[in-house]
Each structure stands twice: as C-alpha cells, then as structure tokens.
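Q: Below are the sequence and a predicted model for it; my questions follow.
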Amino acid sequence: MSKDIRIKKGLNINLVGAAEQTISKAVTSNVYALNLDDFHGITPKMLIKQGEEIKAGEPLFYNKNNEEMHFVSPVSGELVEIVRGARRRILTLKILADKEQDYVINKVPDLDTADGDAIKSYLLQCGGWPFIKQRPYDVIADPSATPKAIFVSGYATAPLSANPDFVLQDKEQEIQAAVLALSKMTPGKIHVTVGKSNRSPFNNIKGIELHKISGPHPAGLVGTQINRIDPVNKGEVVWTLSPQDMVMLGELLLTGKFNAERIVALAGSAVKQPKYYKTKIGAEISTFLYASGVNEDRFRLINGDVLTGSKTNTEGYLGFYNNTVTAIPEGDDYEFFGWNKPVFNKISSTRALTFSWLQPNKKYDLDTNTNGEHRAFVVTGRYEEVFPLDIYPLQLLKACMVKDLDEMEQLGLYEVAPEDFSLTEFICISKQPHQQIIREGLDLLQKELG
Amino acid sequence: MKEKLHQLKLKYQGKKMAPAFNALHTFLYMPNETTHSGAHVRAADDLKRTMNTVIMALVPCLLFGMFNAGYQHYSAINGFPESFSLFDHFLTWDNFWVGVTTVLPLVIVSYGVGLAIEFLFAVIKGHEVEEGYLVTGMLVPLIIPVDTPLWMLAIAVAFGVVIGKEVFGGTGMNILNPALTIRAFLFFAYPTWMSGDKVWVHEGVERAGTADAISGETVLGSLAQGSDYAYSLSDMFYGFIPGSVGETSTLLILLGALFLIFTKIASWRIMVSAVVGALVMGLIFNGIVDAGWLPEYSKFYTLMSFPYWQHLLVGGLAFGIVFMATDPVTGSQTNKGKWYYGFFIGFLSVMIRVFNPGYPEGVFLAILLMNVFAPTIDHYVVKGNIKKRLKRFKTATIYPKSSDEVDTLKTETA
C-alpha cells in the first residue's frame, strides 16, 4: 500500500550538466582507495600491513570499538600505501589492483531460515555492515541497537544527483534479498519512499511500506521522509540505507561476493559530456572524468552532489557511499559591485534584485563562490521556507553553536543529519557553515550521551 | 584595479588594519571567497545585498523628507498655499535646498560617526566590518526632528552604536534596535529638542521669541493639547505635515513596505499584525469615547476620539512598523512569534501615544519594549515545538537491552 507525502517547503536547484542516461564502462583503475573520512566516527585498526596482498572482500581493518565490524577491500591487490595525517591518523588506504580480480566467496546464510543475529554477524564479517547508517548521529549503525524502523529513499532531488530509477534497473532480485535480510533485524517496518511518477523497481518489492513523495528538494532526503513518516524520538534508533548500497548488500547476501561495482553519475557544468559510468568503489575519478572531458581550466571536483558532497581533486577516488561525482567551475574571482547589481545568473531565495524567481525552471551554471562574506546570523524566517522538517532550524543551529546539550535534544537534533541542513546552508545570507555546525553538534551529543 | 586591490589585500592580510581595508575592498568587489565546507554552491544573497535592499526602500522617504523640510519651513513663514500644487509648492529647488542644508548633514554625521565606530571596533576586535550600520545610519536621520543639532546626533550615535550594539558583540547580537536606541537617547537626554511646536520646522528654534517666530505642530501634538490642526486626510497620507524627517509620508512608507515584502527582505507577518494591533487599540479607544465613558474635558479625549485608522497616517507609527519593527535581529525570530510581536507593537504604540503625558508618540518606546520581550515570545513558541516532541516521546518505540533502561530514560526526560 502506498501513502502520499507532499512536501511544500523547499527549493529545487536546477543546474546545468545533468548526466545523460547512458552507461559507459569506465577504464579500469590501477589504484583503488578507501578514504577513512567516509566512515565518520570510526577508529580503524588495521588487519593487514602495508605491502601485503589482499583479496576483494577480505577485511582491511576493523572498528576499534567493535572488533566484529569489518571493512573490506573493494578489489584484490596489494596494499601499497597507508596515508597518515596528524597524530598518525589514517587518512587513506591505497590498493594496487591485480589484473585478475580474486574474490573472497563467503558462506551465505539461508535468507529464509536465518534469524536477525545470524544475518547481522554475516554482514559485519563480510563488510556489508558499513552500508547501514543510523539516526541519531548519522553514523554507521550500532549493531547492538535494534532499529524501530528502516528508511530508504528511492527518490533523489539533490541537484545533479544520480537518478535512482535509472541506476537500479534490473536489480530487483538483489533489492528483494536485502529487504528480506533487513526485515529480520527490525521488528518495525521498512519504509521506502519513491517519487510520485516513477518506474522504480521498488514497486514490485515485497515486505516494504511504500510511500510516494512529491515536492521540491529536500523531498528526496531520507531525513525529510523520516520526519514525515515516523520521526525519531530520544532513545529510538532508525537505520537508513541508500538504494544502491542495498543492491550491494543484496548481492553479498545472494552470492557471498563483495562486489564493489556501482553506477556513478558524472555531472556538472564543468563536464563536457555528463553521463553515467560503471566503476567500482574507490576507483580513481580520473578514470572516467577525462573520458567525458572537462571544459574548464579550474574546476571543483566533488565526491557526491554539490550540496552535501566532499571536495576532492583529479587525483581523488570515488567515495564509499557516493554514486554521483560533480564538477563545477571554481569561483575564486572578484565581481565588481557584485553585492548591489541585479543578478540574473544565480539562484536566490529572495527577490532583492535577484531574478531567479522569474524562471523557476531555468538551469543555472553556479560556481563555488560564496557570493558574500561570513557573518553572524541576522535575518530570520528564511530557513523555514526551505526546511520542511517540524524543527526550528535557526534555534537548533544556535543551540549547537553554544553547545547547549539540553536544548539540542529538545529541539530535535536526534532526528537530523548534516545533509538536512544543506539547503538552509545554500540560502544562508550570513554564509554560516550549517552542516559543519550540525555535525559538530551531533558528535558532541554522541560523545556526552551516546 | 582588480589585480592591484587583490595584491593590497594579500599585503594587509593578518595585519591590524585588514578589516578596514577589506570593508572598502568588498564594497567595490564581491570577494573571491569560495566554499570550504558543506554546500559547494551558495545562493546569490548576502548581508550587503539584504541591507542594500532596505536602504533602497528608504531612499524615497529620505528624498521626500528633504523636500518636506523646505516645504514646512516656507509654509511656516508664508502660510500654507491656498491651492496646493505638487510641482509649484512642493518639488521646488528652494525646498530641496533647505533639505540639502538640513537633512543631508544629519545623514553625513550619522554615517560618519557610526561607521567610524564600526571600523574602530572591527580593527580592535579583528573581525570584519559588518553591514548592520548601513541601515541604522540611514534610519537615524529619518526619525529625528530636522533641526537636531549635529553634535547631539553625534553623541547619540556614538552611544547607540557602542552601548546598543557593540557591547553585545556587533551586528546580529544586539538586543535593542540600535536606531531606536539612538532615538531614545536623544529623547531622554535632550527632551526640549525632541518635542514641542518649534523643532519640527527648520529655524523654528532659532527664531523662537523673535518677531519672525515660526512654528509647526505635529498632528499628534495638536491632538494632545486638544487644539485643532489644519491638515486634511490627504495631507497626512501624502505626508505634507510636520514631523520627523522621513516619517511623514505614509504613501512612500507603504510603497517601501510593498517593496520589502515583495523582495522577501522584511517580514510581512510583523507588518500586518502590527497594523492590526494598532487598529484594535484605536477601536477600543473609539469605543470608550462612543460609549460615553470618558468626559469631554478629559485630557485624553481628543486623542482617544481620533478615528482609529487615522493613527496609521500620523506620527511615526507607519515608519516604525515597516522599517524598525521588522528588524530581524531584535524582533521575534519565529514565524508564530512574529504575529504576537507585531500585534503588541501596534497595540502598545497607540496606547502609549494616547496616555503619554509628555510626548504624544509611542512607537519607538513600544518597539524597544517589544525588543526586550521578543526572546520571551520566542521561548514560548519554541516550547510548543518541544512539548510536541515530548508528547511523541511517550509513545516511543525503544529497543534497548532491558526494559529497565527504557523506564529510566523515560523518567529522566519526563
């Protein structure tokens, strides 16, 4: 049965350079890398040493706080470099891939008879667990907690992000396996939200609660959907997964093989031919970036979409959770009287001599300029227009800034992830780093109470 | 030029004077800053653009005030023209010249002193010069009598900027509206210069006691004394009446309000609810008079019987509602709170206006009072959201290791 959700508050950011719906196979990458920043809050303990050989799907390291939680290698090859940062913190693990890939084949549990614990330990052991994230705190799920529900967003509204209906084609079998396995780990429901008009494979999946959503961004963010369907209360835990990660889980459960392959949208106005590529987690971005070509000298390469992605460069690697890579022009140039002349080529949520309200469907070519300097919070009532959650965004941000734990709790920090504040950050007149503020607030709350 | 300024910026980087230089630099060029964390693209608006939009809405009021300064001056000397014509009697060079010599110095002093202090604090504290004063500096000359001595204005601006804003941490941190703090300082420090029938007309004070004495009483002043006033409703609406520099023309204020609402810079909620509040209070007063509860010899009689909706046309009520009550920093910050905040501003303005024995105007006091109460209003609005969350928590589905933990958690929170 499906239930309709309508989101009214929000803002669609239409950008030039959406990926054309054709899939090319990316050139095979020589080196693959796992960026440890992708696993927020995980302290890695290495299981193999530099220079040792590893198979695809074999554990590279485990979580210091939970020895059972393994993180596996996406490819087989030699661990050639452990890049360390300040205080010897591990930043990146680089693996030189073999020509012939060699996979670990795990012994799969019988999905029909296995219980939740058996599936849990299988996923922890075989590297499937990190795909499951939890709220509160927006971190990799704590295996000891039982979620009250699991949420999956099968609808993407973030600018230039990969179209889930397109990348999930012919993956129904894997998704069904993942749903079956997940349903054993929660007594609650698995809520899946898809767009109103869609050809989503979720339409034929059994064992889920299907919701249809319509409206502008952030309708596609799972946080918006959780808030509408079944908000997180203090003490409660929900899990979230991206549909493409579900496919990987499904394959891991069906075949016992950790297949790091995924379809990635390469998009953005700095890309000559934006389209989809088939590649693997951790692959060098240059292996498909230059196949499409770039038409800017100086551009920003982003692992993810322009609102929530992380900055990388042409020597960077595809992130663990990303299915979108975006390239947009850098905006490090001055603009003469940029603060008072009429603006036609940028998006704005006001009409203060900005004219994006005239053409809501026009596609814009935005660069990375902040369009102004960082200031204290001044204007009010603007965030609420693009923030559909039943939360006071400005008040929550301020509570996080002053580290008021009680207020953070009371105002609903448990329910949100940094990405929920990406749109308020985009329109912020004071150019405050909202996502960073929320991230730091979540970390503090987890440290003090979690 | 772009390159040269960039080199200079790099040279000044980290130096003490950097904020001062950057303020001038960013005035000319929007900076080359790119996003570091979070969203990689940002919307086009910044604080400068926001403030600039408010200033654009104020410019018509300022220009009108300059002409009106001359118009009131010459009308006080020669008498009001019998058949008024906008171009023959109002928009004349003579009138404008009076405005240039009286109003423009107010603007220059207000900006000069205020910005100097802003720059000073920015350099001392090492933060960027913030744009808040751009609007304050424009508001101040518009809410004071035309002949306010410049030294008084300078002292008041210094007081308002330092005590009203900088001690709290600058733009965005202040509790009271700085422009109104300046106005209140002038009002309490130099009351004789802020009220009476001499101050509203250029040279009124200078000529007092001489054979050429001229005067012009505001509509509210006349009402408070129970005397008649010679202005028609259309005079009040268009603004051809004595009063503070920029507050007289309800028409232009209305246009400014529509502009600010259309550009989404100012809150329409505050404006609408403040108008409603003023009308309600006016209706109550009219009702008291109509019911015959108030004897005609009462000193409040004329003000209370003043038709309720005309309160919006006289004095600074309209100006205050549109440009001062909507200050986002000192006003209520929640959308629901804005309704209460605005309503009480309108309601209290008319109340103070009628009951204030010394000075028949109450907008700035009402707004300052509500500035103080705005956080309280927000507190209760936000509390509603918190209560909703707590209610939801009672039916929470928690799966921890033991049921004891759930109980402790629930009692802790409840």
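A: Yep, that arrived.
Q: which regions of the stretch 301-450 of chain A lie under the pLDDT threshold?
A: A:450 (pLDDT under 70).
Q: Any buried residues in stretch B:347-362, and which?
A: Neighbour-count burial for stretch B:347-362 flags B:347, B:348, B:349, B:350, B:351, B:352, B:353, B:354, B:359, B:360, B:361, B:362 (criterion: 16 or more other CB atoms under 10 Å in any protein chain shown). Quick note: C-beta positions are derived from backbone N, CA and C, even for glycine.
Q: ok, which pair from those is furthest apart?
A: B:347 and B:359 (18.6 Å; CB to CB).
Q: Give me the mean pLDDT for whatever helix or strand residue B:385 lives in.
A: Assigned by DSSP states H and E, residue B:385 falls within helix B:363-394. Helix B:363-394 shows a mean pLDDT of 92 in the predicted model.
Q: What residues of that helix count as buried?
A: Quick answer for helix B:363-394 (16+ other CB under 10 Å): B:363-371, B:374, B:377-378, B:381-382, B:385-386, B:389, B:392-393.
Q: Grab the nearest non-local neighbour of residue A:409.
A: The shortest distance from residue A:409 to any non-neighbouring residue, by CB to CB, 6 or more residues apart in numbering or on different chains, is to residue A:234 (6.4 Å).
Q: where does the spatially closest residue to residue B:132 that is not a sequence neighbour land in three-state SS?
A: Nearest residue to residue B:132 in three dimensions, chain neighbours excluded: residue B:171, at 3.2 Å (CB to CB, 6+ apart). Of the three states, residue B:171 takes coil under DSSP: H, G, I helix; E, B strand; the rest coil.
Q: So for residue B:171, what pLDDT did the model give?
A: 84.
Q: ok, it - how many residues close by?
A: 28 (other CB atoms under 10 Å in any protein chain shown).
Q: Please name the residues that touch residue B:198.
A: Listed by CB atoms under 8 Å, 6 or more residues apart in numbering or on different chains, the contact set of residue B:198 reads B:204, B:205, B:208, B:215.
Q: Show me where chain A has its helices.
A: With DSSP state H as the criterion, chain A has helices at A:116-126, A:164-167, A:172-183, A:222-229, A:243-255, A:286-292, A:393-401, A:405-410, A:422-427, A:434-449.
Q: go on, the stretch 1-150 of chain B?
A: Under the criterion DSSP state H, counting those that start in this stretch, the stretch 1-150 of chain B contains helices at B:2-12, B:18-28, B:47-78, B:93-125, B:132-142, B:150-164.
Q: what stretches of the stretch 151-300 of chain A score poorly on pLDDT?
A: Looking at the stretch 151-300 of chain A by pLDDT under 70, you get an empty list.
Q: isn't residue A:22 right up against residue A:276?
A: Yes. Taking CB atoms under 8 Å as the definition, residue A:22 is a contact partner of residue A:276 at 6.6 Å.
Q: between these two, which one's more packed in?
A: The neighbour count for residue A:22 versus residue A:276, taken as other CB under 10 Å, is higher for residue A:276 (24 against 10).
Q: Next, the angle helix B:363-394 makes with the helix or strand harbouring residue B:339.
A: According to DSSP H and E, residue B:339 maps onto helix B:335-355. If you take axes from the mean of the first three to the mean of the last three CA atoms, to 10 degrees, helix B:335-355 sits at 150 degrees to helix B:363-394.
Q: ok, now how distant is the residue nearest to residue B:132 from residue B:378?
A: Plainly put, residue B:171 is 19 Å away from residue B:378 if you go by CB to CB, to the nearest Å.
Q: Same question for residue B:167.
A: Distance from residue B:167 to residue B:378, by CB to CB: 22 Å.
Q: Repeat that for residue A:277.
A: 49 Å.
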